[in-house]
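S.K.: this is a predicted model, with the sequence first.
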Amino acid sequence: MSVKIVEVAPRDGLQNISQIVPTNTKVELIERLAAAGLKTIEATSFVSPRWVPQLADAKQVLQRIQPRTRSNVCLPVLVPNVQGLELAHRSAVDEVAVFVSATEGFSKKNINCTVDESLIRVKKVIEAAKPLGIRVRGYVSCIFCDPYDGPTTPQQVRKVTQFLLDAGCYEVSLGDTLGVGTPTDVQTLYGDLLKFVPKERLAGHFHDTYGQAIANVVKSYDMGIRTFDSSIAGLGGCPFAKGAKGNLATEDLVYTLNKMGVSTGVNLDKLVTTGTWISGQLGLPNGSRAGAALASQTQVQISKTPSSVKSPPRKWEPVESTAEFSVQRSRADVKITLTRPGNGNALTKGMLQGLTRIVEQLSKDSTVFRILFSAQGKYYCSGMDLRTPIQPEEQFELLRRLFEAIDQCPQTTIALINGPCFGGGVGLAFVCDLRIASSTAAFKLSEVRLGLCPAVISKYVIREWGLSLARAAMLTAREVSASELLGVQAVQKVVDSRSLDAAEAEILDQLRFSAPRVSALCKELVNAAWIDPGGERQAKTIRSAFDRMMANGSESQIGLEQFRKGVKGVDWATLGEEPVRSKL
Ligand SMILES: CC(C)(COP(=O)([O-])OP(=O)([O-])OC[C@H]1O[C@@H](n2cnc3c(N)ncnc32)[C@H](O)[C@@H]1OP(=O)([O-])[O-])[C@@H](O)C(=O)NCCC(=O)NCCSC(=O)C[C@@](C)(O)CC(=O)[O-]
């Protein structure tokens, strides 16, 4: 007794969430799913990026999948038309999926044509695929109900299913797009279809909106169906039932089939780890009941006394390096270092552009929890490069964009201030969330002496220093010491210059126990309190932060559960990795 599972998360799952997932995360997801034993993984789709921007990197995803995975696993892609098929062929794809709706309303809204027109379009794809040796799988949506037309009849489903099979699809997957069907509906539909279509050529694609997906699988299995589509962590969803559960979760499917004694070839432990990992990457609740329950039994790396536990020495891996700055990464932390010490690390146009690009990229990377800004040499940063002037309008825009990018990024940002800062360099230190300063650090808003004023950076300097100190420092251009700012908590720690590396390791050790997503919420709360104290925006931000922190599957569930077990700290960067037992 065995069942074939078609994993659809990398395509169906990721196209239905609003965020754009980094290509490497998509590739890692596919590799992890393959390592868990899934043999068919719908990898992506060649649809217009205007329709589905989430999957615009289809070619790159396929390119980056390991050759071994490509030869061992079937990686179909979805194509809407012959153009998509050609792109898929150029990426050496050997199976594609085409889709039609059983119903008119959904067909018109979803693909802007009637059912009959969609069948003609799909037939062209199937015919074009044949000489290329590409197998074609068909999807039929709205098998039980259409969001516009209401209930679907078995005859409507039979018509399109038979058409797809006659045209050359080797299998048709029947999709309950709204997730409204029950085992009784399955009985009626399959009861009709199986009179005309061999059971081996049908697959079930159930959504879990009303919690019926597993029941429908079991019913279909009893009626002879042996192929089911599912999505890790239940990723994806029904766009017509906001907030409802989406695809049937692969973990739930495998859990049920295991208990029925039906083999799937899938390792449930690895699947659960992958589900936890991808939910964490996307910042979404884990949509698998079985996955969430099994994950909570897994020991995460916990320390009984977190603050006293040092992580092993950090290894910073190079990511990017220019003549003016470098970027390194160590696990969930990224460090950007200014490398222009000969010029006091003065900010050039290239630096402003480069740093903005990197921070904007990192902002979208949910695997990065902290961003550090450090510098080489005697000075931290001597502000705008005064030797190579930039046109005022361009300078304003470049400065504004960099500072906004740093200010708005969800990660915790830390300035490691090795020495004196001037003008824009002061801004670079104080736009960050936290500051560790060497005792040689000092801060001079020198602009007024040059006939300038600290316009762009004033927003951040005033916020962190307070009005009176900022006004005095701007008007006099006097040097403000690190210890003075320590006094107003605008600097968190001042250390001997030789101890800056140790202080960096210490703060990163401390922050690894701060949950990353709620850290981002903390930043939103502080920002709202600053922008609109007591106002509507602050009230809305508080409400929204509260809801997000309490949402099902949020970090609070893990944190509170561990607390109740008597554990005092979760190392959030290790969640989703292979479990590591604490030595304490
Ligand atoms: C930094 C010290 C104290 C070092 O003083 P020092 O240790 O005596 O060394 P130095 O003065 O010989 O400087 C070493 C090298 O760094 C260069 N250098 C150093 N800083 C810069 C700079 N910003 N732009 C271009 N070059 C700079 C300097 O020109 C020299 O180059 P070299 O002569 O060896 O080829 C001194 O050079 C100095 O006072 N520099 C000016 C610092 C300053 O006033 N910065 C404010 C810039 S305005 C700004 O940032 C505007 C902004 C962003 O706030 C506007 C806004 O917010 O809207």
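M.R.: Looks like it arrived, so ask away.
S.K.: surely Ile232 and Thr274 touch.
M.R.: Yes: taking CB atoms under 8 Å as the contact criterion, Ile232 and Thr274 are neighbours in contact, 5.8 Å apart. The way it works is simple: take the backbone N, C-alpha and C, and place the C-beta from them, glycine included.
S.K.: between those two, tell me which one has more neighbours.
M.R.: Each of Ile232 and Thr274 had its neighbours counted (other CB atoms under 10 Å), and the higher figure belongs to Ile232 (33 against 26).
S.K.: what about the closest residue to Gly246 other than its chain neighbours, neighbour count?
M.R.: By the measure of CB to CB, 6 or more residues apart in numbering, the closest residue to Gly246 outside its immediate chain neighbours is Gly237, 3.1 Å from it. Other residues near Gly237 come to 24 when the count uses other CB under 10 Å.
S.K.: up against the ligand, what does the protein have?
M.R.: Neighbours of the ligand within the chain, by CB under 6 Å from any ligand atom: 343-344, 346, 379, 382-387, 399, 422-424, 427, 446-447, 450, 452, 454-457.
S.K.: buried ones only from those residues, please, as a ChimeraX command.
M.R.: Buried members of the residues of the chain next to the ligand, defined by 16 or more other CB atoms under 10 Å, are picked up in ChimeraX with:
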select :343,344,346,379,382,383,384,385,399,422,423,424,427,446,447,454,456,457
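S.K.: so of the residues of the chain next to the ligand, which ones are in helices?
M.R.: In helices, judged by DSSP state H, the following of the residues of the chain next to the ligand are found: 399, 424, 427, 455-457.
S.K.: quick one, domains of the chain?
M.R.: The record, using automatic domain parsing to delimit domains, assigns the chain the ranges 4-267, 307-511, 516-568.
S.K.: end to end on the longest one, go ahead and measure it.
M.R.: Between the opening and closing residues of domain 4-267 there is a gap of 14 Å (CA to CA, to the nearest Å).
S.K.: average pLDDT for that domain?
M.R.: Model confidence over domain 4-267, given as mean pLDDT, is 93.
S.K.: swap in stretch 478-498?
M.R.: The average of the pLDDT scores along stretch 478-498 is 90.
S.K.: likewise for stretch 327-334?
M.R.: Looking at stretch 327-334 alone, the average pLDDT works out to 95.
S.K.: residue of the stretch 51-200 of the chain closest to the ligand, please.
M.R.: As assessed by CB to the nearest ligand atom, the ligand sits closest to Pro53 within the stretch 51-200 of the chain, at 34.2 Å.
S.K.: which residues touch that residue?
M.R.: Counting by CB atoms under 8 Å, 6 or more residues apart in numbering, Pro53 touches Ile20.
S.K.: quick check on it: phi, psi?
M.R.: With angles defined as degrees, to the nearest 10, Pro53 sits at phi -60, psi -20.
S.K.: so where do the strands sit in the stretch 251-400 of the chain?
M.R.: Using DSSP state E, counting those that start in this stretch, the strands assigned to the stretch 251-400 of the chain run over residues 317-321, 325-330, 333-338, 370-375.
S.K.: buried deepest among the ones you listed, which one?
M.R.: Neighbour counts (mean count of other CB atoms under 10 Å) averaged over each of these peak at strand 370-375, with a mean of 24.
S.K.: so what strands line up beside that one?
M.R.: With DSSP bridges as the criterion, the sheet partners recorded for strand 370-375 are strand 333-338 (parallel), strand 412-417 (parallel).
S.K.: how far away from the center of its chain is the first one?
M.R.: What it means is strand 333-338. Its chain's average C-alpha position is 21 Å from that of strand 333-338, according to CA atoms, centre = their mean, to the nearest Å.
S.K.: quick one: it to strand 317-321, angle?
M.R.: 40 degrees (axes from the mean of the first three to the mean of the last three CA atoms, to 10 degrees).
S.K.: how about the last one?
M.R.: Orientation note: strand 412-417 sits at an angle of 80 degrees relative to strand 317-321 (the same axes, to 10 degrees).
S.K.: who's in contact with strand 412-417?
M.R.: Taking CB under 8 Å, 6+ apart as the criterion, the residues outside strand 412-417 that touch it are 369-375, 380, 406, 428-438, 441, 482, 491, 500, 503-504, 507, 511, 514, 516, 519, 523.
S.K.: one more time with 7 Å
M.R.: 369-374, 380, 406, 428-429, 432-438, 441, 500, 504, 507, 511, 519 (CB atoms under 7 Å, 6 or more residues apart in numbering).
S.K.: kindly report the same for the first one.
M.R.: Here strand 333-338 makes contact (CB under 7 Å, 6+ apart) with 316, 325-328, 345, 355, 358, 362, 368-376, 381, 508.
S.K.: what sits against the most centrally placed residue in the chain?
M.R.: Relative to the mean C-alpha position of the chain, the nearest C-alpha, by CA atoms, centre = their mean, is the one of Leu282, at 3.3 Å. The contact partners of Leu282, taken as CB under 7 Å, 6+ apart, are 17, 19, 21, 366.
S.K.: pLDDT value on it, please?
M.R.: Looking at Leu282, its pLDDT reads 78.
S.K.: any stretches of the stretch 451-584 of the chain with poor pLDDT?
M.R.: 575-584 (pLDDT under 70).
S.K.: residue ranges for the strands of it, please.
M.R.: Assigned by DSSP E, counting those that start in this stretch, the strands in the stretch 451-584 of the chain fall at 479-481, 493-495.
S.K.: parallel or antiparallel, list what pairs with the last one.
M.R.: Meaning strand 493-495. Each strand that pairs with strand 493-495, with its direction, by DSSP bridges: strand 434-438 (parallel).
S.K.: so what's the gap between the helix or strand following the strand it pairs with and the chain middle?
M.R.: With elements assigned by DSSP states H and E, the helix or strand that comes after strand 434-438 is strand 442-444. Per CA atoms, centre = their mean, the displacement of strand 442-444 from the mean C-alpha position of its chain is 38 Å.
S.K.: could you do stretch 20-33 as well?
M.R.: Relative to its parent chain, stretch 20-33 has a centroid offset of 10 Å by CA atoms, centre = their mean.
S.K.: can you list the residues that contact that stretch?
M.R.: Counting by CB under 7 Å, 6+ apart, the neighbours of stretch 20-33 from elsewhere in the structure are 7, 9-10, 14, 41, 43, 53-54, 57, 60-61, 64-66, 69, 232, 274, 277-278, 281-282, 364-365.
S.K.: which among the residues you listed end up buried?
M.R.: Applying 16+ other CB under 10 Å to those, the neighbour count classes 7, 9-10, 14, 41, 43, 54, 57, 61, 65, 69, 232, 274, 277-278, 281-282, 365 as buried.
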